[in-house]
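> only geometry, no sequence info:
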């Protein structure tokens, strides 16, 4: 698996609290839940390359 890219993210504290609760409900870390949401969004928008689209179900 390729190394993941790190980057700083500034986010509203109230939004972070919502994401934290949602991540807990899904048994994920906030980081993995944000990545999941972004991946699902790019998939729905048709912007995720087909090669990576197939990897979503494998994780």
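Right, received. Where do you want to start? From a predicted model like this one, the values you see are computed outputs, not experimental measurements.

> Check this structure for its longest helix and report it.
Longest helix in the chain by number of residues, with DSSP state H as the criterion: helix 30-44.

> which SSE is residue 20 in?
helix 13-25 (DSSP states H and E).

> buried ones in that helix?
19, 23 (16 or more other C-beta atoms under 10 Å). For the C-beta atoms, the positions are set from N, CA and C on the backbone; glycine is no exception.

> Next, the angle from it to helix 30-44.
90 degrees (axes from the mean of the first three to the mean of the last three C-alpha atoms, to 10 degrees).

> Give me the contacts around helix 13-25.
If you take C-beta atoms under 8 Å, 6 or more residues apart in numbering as the criterion, helix 13-25 is touched by 11, 29-30, 32-34.

> ok, so of those residues, who is nearest residue 3?
Closest to residue 3 out of the contacts of helix 13-25 is residue 32 (15.6 Å), distances taken as C-beta to C-beta.

> Could you find the closest non-adjacent residue to the closest one?
Once flanking residues are discounted, residue 32 sits nearest to residue 23: 7.4 Å by C-beta to C-beta, 6 or more residues apart in numbering.

> what's the spacing between that neighbour and residue 51?
Separation of residue 23 from residue 51 (C-beta to C-beta, to the nearest Å) stands at 27 Å.

> Torsion angles phi and psi at residue 3?
Here is the backbone geometry of residue 3 (degrees, to the nearest 10): phi -60, psi 140.

> Next, count neighbours for it.
Residues within reach of residue 3, counting by other C-beta atoms under 10 Å, total 5.

> Check it and give its pLDDT.
We have a pLDDT of 89 for residue 3.

> From the contacts of helix 13-25, list just the buried residues.
Among those, those classed as buried by 16+ other C-beta under 10 Å are 33-34.

> I'd like the contacts of helix 13-25 as CSV, with pLDDT appended.
CSV is the format used below for the contacts of helix 13-25 (pLDDT from 0 to 100):
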residue, pLDDT
11, 97
29, 97
30, 97
32, 95
33, 97
34, 97
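
> tell me which of the contacts of helix 13-25 is nearest to residue 5?
After measuring those against residue 5 - C-beta to C-beta - the closest member comes out as residue 34, at 13.0 Å.
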